[in-house]
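Engineer: Kindly return the folded structure for what I paste below:
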Amino acid sequence: MMQTPISTEHTPQRVRHPLKARLLQVRQVTRLTPRMLRVTFHGPDLGDFISASFDDHMKLFFPADGQPVVPTNTEAGPQFPEGAARPPARDYTPRRYRPADNELDIDFVLHGDGPASTWVAGASTGDQLVVAGPRGSFVMTPDFDWQLMIGDETALPAIGRLLEELPKGAKVHVIALVENAAEEQRFHTQADVQITWLHRQQQPEQTLADAVRAFVLPAGEGYIWGGGQAAQMRAISQYLLEEKGIDKSRMRISNYWKQGSPQE
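Structural biologist: Residues are numbered from 1 along each chain as shown. The predicted structure follows:
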């Protein structure tokens with residue numbers, strides 16, 4: 001349970017951004033692990049791109065024929081041409097944005113069949129894709145006494161971005177569930193980070209919720225973030241709220257995907 005009173009200056013702030021669709025081109029595809037690909041996009045449409053928080057998400061549109069359907073940007077948001085089939089969309093984290101180069105990295109988990117996995121498995125330099133957002137950001141201060149990050153592969157882009165953006169001296173604990181040791185990632189960070197990797201192949205019955213229950217929350221004022229499979233995130237949220245008494249303003253647990261219908 002939290003050891004110190006809740007301070008209002010640490011309360012995360014919601015920031016809204018203009019919703020705009022952008023037509024981007026693939027510059028490079030990099031395999032990070034056997035099941036994770038990084039696609040580097042570029043293009044002039046990134047000139048006014050804004051992503052203010054590590055767990056922002058934007059929509060990517062995946063047309064079945066590979067030809068992007070470009071919407072018109074209106075005050076109400078992107079509008080697709082009348083009569084045109086709206087391509088399937090999925091939410092992704094802006095992993096890293098380099099404004100000087102007009103480059104945006106997005107990491108993809110290869111789950112199998114699905115519009116995103118199919119597209120990224122065949123992506124190559126010059127391919128185009130329409131992306132929209134982020135619509136807003138949930139911005140928090142970095143000066144908590146500690147932070148706990150929880151997630152499976154789908155949460156690693158957000159976790160990795162946070163670790164790379166945190167200042168020196170920040171204390172972070174990470175509990176991450178991946179398929180096996182080959183799926184572990186290394187992150188460049190100035191923060192004081194401790195990562196507990198869980199492997200499905202070695203311990204198929206081990207869950208993120210079990211690992212969170214076994215974790216001893218540090219003293220002081222902390223913040224807890226989680227992202228992953230919906231049932232696991234619900235169990236973690238319930239445990240933290242009801243059994244540990246964590247204030248809702250000091251945690252953000254997101255359902256990234258449901259069993260049987262993965263994000264990709």
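
Engineer: hey, let's count contacts and neighbours off CA atoms from now on
Structural biologist: OK.

Engineer: Residues in a beta bridge with the residue lying closest to Ala155 once chain neighbours are set aside, which ones?
Structural biologist: Setting aside the residues directly before and after it, Ala155 is nearest to Gly227 in space (Cα to Cα, 6 or more residues apart in numbering), at 5.3 Å. Listed beta-bridge partners, Gly227: Gly151, Ser254 (assigned using DSSP bridges).

Engineer: Would you confirm that Gly227 contacts Met233?
Structural biologist: Yes: in this structure, Gly227 is within contact of Met233 by Cα atoms under 8 Å, at 6.7 Å.

Engineer: Please enumerate the shared neighbours of those two.
Structural biologist: Taking Cα atoms under 8 Å, 6 or more residues apart in numbering as the contact rule, Gly227 and Met233 both touch 253-255.

Engineer: and those, which are buried?
Structural biologist: 253-254 (16 or more other Cα atoms under 10 Å).

Engineer: Just give me the closest of the shared contacts of Gly227 and Met233 to Pro167.
Structural biologist: Set against Pro167, the nearest of these by Cα to Cα is Ile253 (22.8 Å).

Engineer: nearest residue to the closest one other than its sequence neighbours?
Structural biologist: Closest to Ile253 by Cα to Cα, 6+ apart is Gly226, at 4.5 Å.

Engineer: Surely the one you found touches Arg250?
Structural biologist: No: counting by Cα under 8 Å, Arg250 is not a contact partner of Gly226; they are 11.7 Å apart.

Engineer: ok so, going back, neighbour-wise, which of Gly227 and Met233 wins?
Structural biologist: More neighbours surround Gly227 than the other of Gly227 and Met233, with 25 against 22 (other Cα atoms under 10 Å).

Engineer: just to revisit the earlier point, could I get the contacting residues of the residue nearest to Ile253?
Structural biologist: Gly226 sits next to 149-151, 155, 233, 252-254 when contact means Cα under 8 Å, 6+ apart.

Engineer: of all these, which comes closest to Gln67?
Structural biologist: Closest to Gln67, out of all of the contacts of Gly226 and judged by Cα to Cα, is Ala155, at 28.5 Å.

Engineer: tell me the domain ranges of this structure?
Structural biologist: Split into domains by automatic domain parsing, the chain comes to 8-14+137-257, 18-134.

Engineer: Now render these as a markdown table, adding mean pLDDT.
Structural biologist: Below are the domains of the chain laid out as a markdown table (pLDDT from 0 to 100):
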| stretch | mean pLDDT |
| --- | --- |
| domain 8-14+137-257 | 95 |
| domain 18-134 | 93 |
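
Engineer: In this model Leu240 seems to touch Lys248, though I could be wrong.
Structural biologist: No: counting by Cα under 8 Å, Leu240 is not a contact partner of Lys248; they are 9.2 Å apart.

Engineer: Who has more neighbours out of the two?
Structural biologist: Using other Cα under 10 Å as the criterion, Lys248 and Leu240 rank with Leu240 on top: 19 against 13.

Engineer: The more buried one and Ile246 touch, don't they?
Structural biologist: Yes: counting by Cα under 8 Å, Ile246 is a contact partner of Leu240 at 5.6 Å.

Engineer: and the end-to-end length of stretch 224-235?
Structural biologist: 14 Å (Cα to Cα, to the nearest Å).

Engineer: Could you tell me which residues within that stretch count as buried?
Structural biologist: Going by neighbour count (16+ other Cα under 10 Å), the buried part of stretch 224-235 is 224-230, 232-234.

Engineer: which of the residues you listed lies closest to Ala52?
Structural biologist: Ala52 lies nearest to Trp225 out of these, by Cα to Cα, at 16.3 Å.

Engineer: mind listing what the closest one touches?
Structural biologist: Each residue near Trp225 by Cα under 8 Å, 6+ apart is listed here: 147-150, 251-253.

Engineer: can you pick the most crowded of these?
Structural biologist: Ile150 (26 neighbours).

Engineer: Span of stretch 181-189 from start to end?
Structural biologist: End-to-end distance (Cα to Cα), stretch 181-189: 20 Å.

Engineer: Please read the previous query as pertaining to stretch 136-152.
Structural biologist: With Cα to Cα as the measure, stretch 136-152 spans 23 Å from end to end.
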